[in-house]
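Peer 1: okay, sequence plus prediction incoming.
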Amino acid sequence: MVAFVGLLIGIIIGIVWNVNIPVKFSPYISVAIFACLDSVFGALRGSISHNFRADIFVSGFFGNAALAVAMVYLGDKLGIPIYLAAVIVFGGRIFNNFAIIRRLLIDKAKSH
Amino acid sequence: MKNNEATIFVFIASIIIGLLIAMNIGFQGKNNFLDVKQYDEAYNERTKLYSELSSLKEQYYNANEKLSKYNRGDEKANEVAKEIKQEISDNNVLLGKSDVEGPGVKITLDDDDNPNRQDSGQFIHDSDIVQVINDLRNAGAEAISVNGQRIVYNNYGLCYGSNIDLNGIKIVTPFYINAVGNQDVLYNYLTLEQTHITELKDRDVQVNVVKEKKIQILSYNGEFIYKYMSLISK
């Protein structure tokens, strides 16, 4: 719930500020968004299963994003779409995390 | 407590993600990713431009060919003009309207300077000049001048006592007759054959014929005027 509220606030702030990043960086930002989303899902899962650790979340949040951006850059220079690896890994993990969150939530609901 | 912490972090992270998404979506118009419709349109546009390009290339080729044809045509016209010019200059050379030079002979004629002679044979007459010119023509001289006067087709000579009126210009002795032609033929003809020069020699007037490698003969500076003749139209 809190994630959606935060997302909405962020989007609104972004639209109000209307900051444009150069088109050149668009693919980097896209992959970074994906990495951050993965981290957020991980955090949600952690908070639900009560094993959330702030240091791991923060490092993962920024580290994943940075790594993903670096991969896109490297792929751009080498001519190989390496960012696909990031997309696939993050996508898979997002679905994994979502599945676990789903199970935990359903279990929680059933146990009540 | 732990849950609360997680919520805060997730909230902050969500805000950041939202920001990033908004930033990334914010420039949709400038996005370098095209949706299917845009791609289709762009593809069609490209095809159109390509076909336009090929038709333009064809046009260019045609225009270029035409241009080169014109150029060639110009060349032809130029050649014709060149030939005409060449012919005109040839005609001028033949008529005597151009300065010419070439090998030939120089003839110097002077009256006999013997003061005791009293007959007309000691003087050079207009008829002598005319006959010498005739001899030169006979020997194949291409250009002749007498005392610098170019001999052209309508020259005449008249004697007015001490000087000779050659085509309206008075000339006096000595006469320098220059002729361009085959110098050997001219020289041999004038000295060996029975010509007017040999006759003049017999008359003891001063006659001197020399071969020259290069003789310059200036153009006729008068005008060619005709009133009565006209071209026969074929």
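Peer 2: Received it, and whenever you're ready, just let me know what you need. Treat the numbers as computed from the prediction; the structure is a model and nothing was measured.
Peer 1: helix or strand right after the lengthiest helix in chain B?
Peer 2: The longest helix of chain B (DSSP state H) is helix B:36-95. Once the chain leaves helix B:36-95, the next helix or strand it forms, by DSSP states H and E, is strand B:100-110.
Peer 1: ok, then the element right after that following strand?
Peer 2: Next element after strand B:100-110 (DSSP H and E): helix B:126-138.
Peer 1: show me which residues of that next one are buried.
Peer 2: Across helix B:126-138, burial judged by 16 or more other CB atoms under 10 Å in any protein chain shown covers B:126, B:128-133, B:135-136. In short, each C-beta sits where N, CA and C put it, glycine included.
Peer 1: restricting to C-alpha, output that helix in CSV.
Peer 2: Presented in CSV, the C-alpha positions along helix B:126-138 are these (Å, rounded to 0.1, in the frame of the first residue of the first chain):
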residue,chain,number,x,y,z
ASP,B,126,56.6,50.4,-114.1
SER,B,127,56.3,47.7,-116.7
ASP,B,128,59.5,46.1,-115.5
ILE,B,129,58.1,45.9,-112.0
VAL,B,130,54.9,44.5,-113.3
GLN,B,131,56.7,41.9,-115.3
VAL,B,132,58.9,40.9,-112.4
ILE,B,133,55.8,40.5,-110.3
ASN,B,134,54.4,38.4,-113.1
ASP,B,135,57.5,36.3,-113.2
LEU,B,136,57.4,35.8,-109.5
ARG,B,137,53.8,34.7,-109.7
ASN,B,138,54.7,32.4,-112.4
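Peer 1: helices or strands next to it in the packing?
Peer 2: strand B:100-110, strand B:143-146, strand B:157-160, strand B:163-166, strand B:175-180, helix B:183-192, helix B:196-202 (3 or more CB pairs under 8 Å, 6 or more residues apart in numbering or on different chains; DSSP states H and E).
Peer 1: buried deepest among those, which one?
Peer 2: For these, the largest average neighbour count (mean count of other CB atoms under 10 Å in any protein chain shown) is found in strand B:143-146, namely a mean of 24.
Peer 1: so what touches that strand?
Peer 2: B:93, B:96, B:100, B:102, B:104, B:129, B:133, B:136-137, B:150-151, B:166, B:171, B:175-181, B:217-218 (CB atoms under 8 Å, 6 or more residues apart in numbering or on different chains).
Peer 1: tell me which strands that strand pairs with, and in which orientation.
Peer 2: Taking DSSP bridges as the criterion, strand B:143-146 sits next to strand B:149-150 (antiparallel), strand B:175-180 (antiparallel) in its sheet.
Peer 1: out of the buried residues of helix B:126-138, who's nearest residue B:44?
Peer 2: residue B:136 (88.6 Å; CB to CB).
Peer 1: got the contact list for that closest one?
Peer 2: B:144, B:177, B:179, B:181, B:186, B:190.
Peer 1: make it 10 Å
Peer 2: By CB atoms under 10 Å, 6 or more residues apart in numbering or on different chains, the contact list for residue B:136 reads B:104-105, B:107, B:142-144, B:151, B:177-181, B:186, B:189-190, B:195-197.
Peer 1: excluding its backbone neighbours, what's nearest residue B:89?
Peer 2: Once flanking residues are discounted, residue B:89 sits nearest to residue B:98: 6.7 Å by CB to CB, 6 or more residues apart in numbering or on different chains.
Peer 1: quick one: find the helix or strand in chain B with the lowest mean pLDDT.
Peer 2: Using mean pLDDT, DSSP states H and E, strand B:157-160 stands out as the lowest-scoring helix or strand of chain B, at a mean of 65.
Peer 1: circling back to that earlier point, what about the residue nearest to residue B:89, how many residues close to it?
Peer 2: 18 (other CB atoms under 10 Å in any protein chain shown).
Peer 1: low-confidence regions, chain A specifically.
Peer 2: A:19-21 (pLDDT under 70).
Peer 1: ranges for the helices of it?
Peer 2: Under DSSP H, chain A gives helices at A:2-17, A:26-49, A:54-78, A:83-111.
Peer 1: residue B:166 versus the nearest residue to residue A:28 once chain neighbours are set aside, what's the distance?
Peer 2: Nearest residue to residue A:28 in three dimensions, chain neighbours excluded: residue A:69, at 4.7 Å (CB to CB, 6+ apart). Distance from residue A:69 to residue B:166, counting by CB to CB, to the nearest Å: 108 Å.
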